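> I'll drop the sequence and a predicted model, then ask my questions.
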Amino acid sequence: MEDYYKEQGLLQPHLPKIPAQRILAGQAALVTGANSGIGRAVAEALAEAGAHVAVNYVVGPESAEEAAKAARAFGVKAITVQADVSDEAQVQAMFRKVVAEFGALDILVNNAGLQADAAFDAMTLAQWNKVLGVNLTGQFLCAREAVRQFKLQGVRPELSCCAGKILCMSSVHETIPWAGHVNYAASKGGVMMMMKSISQEVAQHRIRVNAIAPGAIRTPINTQAWSTPEAYNALMKLVPYKRIGEAVEIGRAAVWLLSDYSDYVNGTTLFVDGGMTLYPGFEAGG
Ligand code: BGC
């Protein structure tokens, strides 16, 4: 399949090489769901930017350790921490562990998320609750602990001009309705409004809360959308930029959004989607 993509020019040989800048040096970050996909790429990008990283996972300690090892290669500290983000006690224990290890917390990346797709009239309550539990309640529980910690710490000017940063991983489906994925789209719409409301409430404490809305990014969550030529070609009808995104590109956006370069950015969703939200059906004029 890789060969097919190369032949078709669908891979990203032109993905820009950008020299690492240590713009998060010495800050402590927790990334949920960091043992695969976008979470892992974000954890690595933060490490490359100089942050110490706690890699949260729920299953798969080996993959979490691999992610931590990749982070350590950038000369930072990295630990793994197991917790189901939809479980209040586990989330609180996770924050205690991370703060004990790093002595503080500067960054939360609320990334853990999943899909449990079904036609609407066949969707079970368990599928609904699972997706809302992880994708929305999980982000609430983690954000609440992070805000509590940031308020305790206050601003530490030697590290950053604000007291803490939260990045919520949303999706283009915070705004694009998604048939067959009602639970997922509802969870991401919820993330958007939760993120904005938290930001409005805590900005006065110099805490910044923002989101990234990835479009189609090549990860295990959407393999069926890119792993055959037919699927890939169908996907491209939805992407004006005519290529799939790579997880590292979300990592790069995250570094900027979590650094002081974006200090005046509050309560915003940054779409990283190759134009998926630009009504691609109209690209030939409609
Ligand atoms: C979903 C992917 C999907 C993408 C674009 C993401 O939020 O998790 O499965 O490919 O949105 O539709």
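The structure has been received and is ready for your questions.
> CA only for contacts and neighbour counts going forward, please
Fine.
> residues of the biggest helix by length in the chain that come out buried?
For the chain, the helix with the greatest residue count under DSSP state H is helix 182-202. Buried residues in helix 182-202, counted by 16 or more other CA atoms under 10 Å: 182-192, 194-196, 198-199.
> what packs against that helix?
helix 125-132, helix 138-153, strand 207-214 (3 or more CA pairs under 8 Å, 6 or more residues apart in numbering; DSSP states H and E).
> ok, Ser63 touching Asn35?
Yes: assessed by CA atoms under 8 Å, Ser63 is found in contact with Asn35 at 5.4 Å.
> quick one: contacts for the residue of the stretch 1-150 of the chain found nearest the ligand?
As assessed by CA to the nearest ligand atom, the ligand sits closest to Gln115 within the stretch 1-150 of the chain, at 6.8 Å. The contact partners of Gln115, by CA atoms under 8 Å, 6 or more residues apart in numbering, come to Val131, His181, Tyr184, Ile221.
> count the residues that sit near Ala213.
Neighbours of Ala213 under the rule other CA atoms under 10 Å: 21.
> and what of Arg252?
Counted with other CA under 10 Å, the neighbours of Arg252 add up to 19.
> ok, and the closest non-adjacent residue to it?
Of all residues not flanking Arg252 in the chain, Ala45 sits nearest, at 6.4 Å (CA to CA, 6 or more residues apart in numbering).
> so the one you found lies in a helix, does it not?
Yes: according to DSSP: H, G, I helix; E, B strand; the rest coil, Ala45 belongs to a helix.
> surely it touches Ala247?
No: between Ala45 and Ala247 there is no contact under CA under 8 Å: 10.0 Å.
> which of the helices and strands packed on helix 182-202 sits most buried?
Counting by mean count of other CA atoms under 10 Å, strand 207-214 has the highest mean neighbour count of the helices and strands packed on helix 182-202, with a mean of 26.
> for it, name the packing helices and strands.
Counting contacts by 3+ CA pairs under 8 Å, 6+ apart, strand 207-214 packs against strand 164-169, helix 182-202, helix 247-258, strand 269-272.
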